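Undergrad: here's my sequence, what's the structure:
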Amino acid sequence: MGTSKRHAILTGISHKGYWRLSKILATQTGMTNEWLEQQGLLSVRQLWMKVQGYA
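TA: Sure, this is the predicted structure:
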(Lines give C-alpha, C1' and ligand atoms only; values in the text may rest on other atoms or scores of the structure.)
Protein backbone atom coordinates (compact mmCIF):
# COMPACT_ATOMS: atom_id res chain seq x y z
CA MET A 1 0.00 0.00 0.00
CA GLY A 2 2.89 2.38 -0.48
CA THR A 3 5.16 1.53 2.43
CA SER A 4 7.92 -1.04 2.65
CA LYS A 5 7.22 -4.49 4.07
CA ARG A 6 9.83 -3.93 6.79
CA HIS A 7 8.22 -0.69 8.00
CA ALA A 8 4.77 -2.28 7.93
CA ILE A 9 5.95 -5.19 10.10
CA LEU A 10 7.77 -2.93 12.57
CA THR A 11 4.71 -0.70 12.87
CA GLY A 12 2.45 -3.73 13.34
CA ILE A 13 4.48 -5.13 16.23
CA SER A 14 4.91 -1.76 17.91
CA HIS A 15 3.53 -1.28 21.40
CA LYS A 16 2.73 2.36 20.77
CA GLY A 17 -0.83 3.58 21.06
CA TYR A 18 -3.07 4.39 18.10
CA TRP A 19 -2.54 8.13 18.45
CA ARG A 20 1.25 7.83 18.31
CA LEU A 21 1.09 5.34 15.45
CA SER A 22 -0.89 7.83 13.38
CA LYS A 23 2.22 10.05 13.21
CA ILE A 24 4.56 7.30 11.93
CA LEU A 25 5.74 7.49 8.32
CA ALA A 26 4.63 3.93 7.52
CA THR A 27 1.07 4.73 8.56
CA GLN A 28 0.98 8.01 6.68
CA THR A 29 2.33 6.52 3.44
CA GLY A 30 0.15 3.41 3.60
CA MET A 31 -3.13 5.01 4.65
CA THR A 32 -3.51 8.03 2.37
CA ASN A 33 -6.61 10.20 2.25
CA GLU A 34 -7.56 8.59 -1.08
CA TRP A 35 -7.35 5.11 0.43
CA LEU A 36 -9.43 6.12 3.45
CA GLU A 37 -12.05 7.62 1.10
CA GLN A 38 -12.15 4.36 -0.90
CA GLN A 39 -12.86 2.53 2.37
CA GLY A 40 -15.99 4.65 2.79
CA LEU A 41 -14.78 6.97 5.55
CA LEU A 42 -16.01 10.55 5.58
CA SER A 43 -13.65 13.50 5.75
CA VAL A 44 -14.32 15.59 8.85
CA ARG A 45 -12.55 18.52 7.16
CA GLN A 46 -14.83 18.38 4.10
CA LEU A 47 -17.95 18.09 6.26
CA TRP A 48 -16.84 21.07 8.37
CA MET A 49 -16.15 23.14 5.25
CA LYS A 50 -19.58 22.27 3.84
CA VAL A 51 -21.28 23.35 7.08
CA GLN A 52 -19.30 26.59 7.15
CA GLY A 53 -20.16 27.32 3.51
CA TYR A 54 -16.65 27.03 2.06
CA ALA A 55 -17.39 24.18 -0.33
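Undergrad: so where's this protein uncertain?
TA: Scanning the chain for pLDDT under 70 picks out 1-2, 55.
Undergrad: the chain: helices as residue ranges?
TA: Ranges of helices within the chain are 5-12, 18-21, 25-30, 33-38, 44-52, based on DSSP state H.
Undergrad: and among these, the most buried is which?
TA: helix 25-30 (a mean of 15; mean count of other Cβ atoms under 10 Å). Every residue, glycine included, has its C-beta placed from N, CA and C.
Undergrad: which other helices and strands does that one contact?
TA: Applying 3 or more Cβ pairs under 8 Å, 6 or more residues apart in numbering; DSSP states H and E, one finds that helix 25-30 contacts helix 5-12.
Undergrad: I would like the residues contacting the helix it packs on, please.
TA: 1, 21, 24, 25, 26, 27, 30 (Cβ atoms under 8 Å, 6 or more residues apart in numbering).
Undergrad: and which of those is nearest residue 51?
TA: residue 27 (28.0 Å; Cβ to Cβ).
Undergrad: I'd assumed residue 19 was in contact with the closest one.
TA: No. In this structure residue 27 lies outside contact range of residue 19 using Cβ atoms under 8 Å: 11.0 Å.
Undergrad: returning to what we had before: I'd like the contacts of helix 5-12 laid out as JSON lines, including distance to residue 48.
TA: What follows is the contacts of helix 5-12, written out as JSON lines (distance: Cβ to Cβ, whole Å):
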{"residue": "1", "distance to residue 48": "27"}
{"residue": "21", "distance to residue 48": "24"}
{"residue": "24", "distance to residue 48": "26"}
{"residue": "25", "distance to residue 48": "27"}
{"residue": "26", "distance to residue 48": "28"}
{"residue": "27", "distance to residue 48": "23"}
{"residue": "30", "distance to residue 48": "25"}
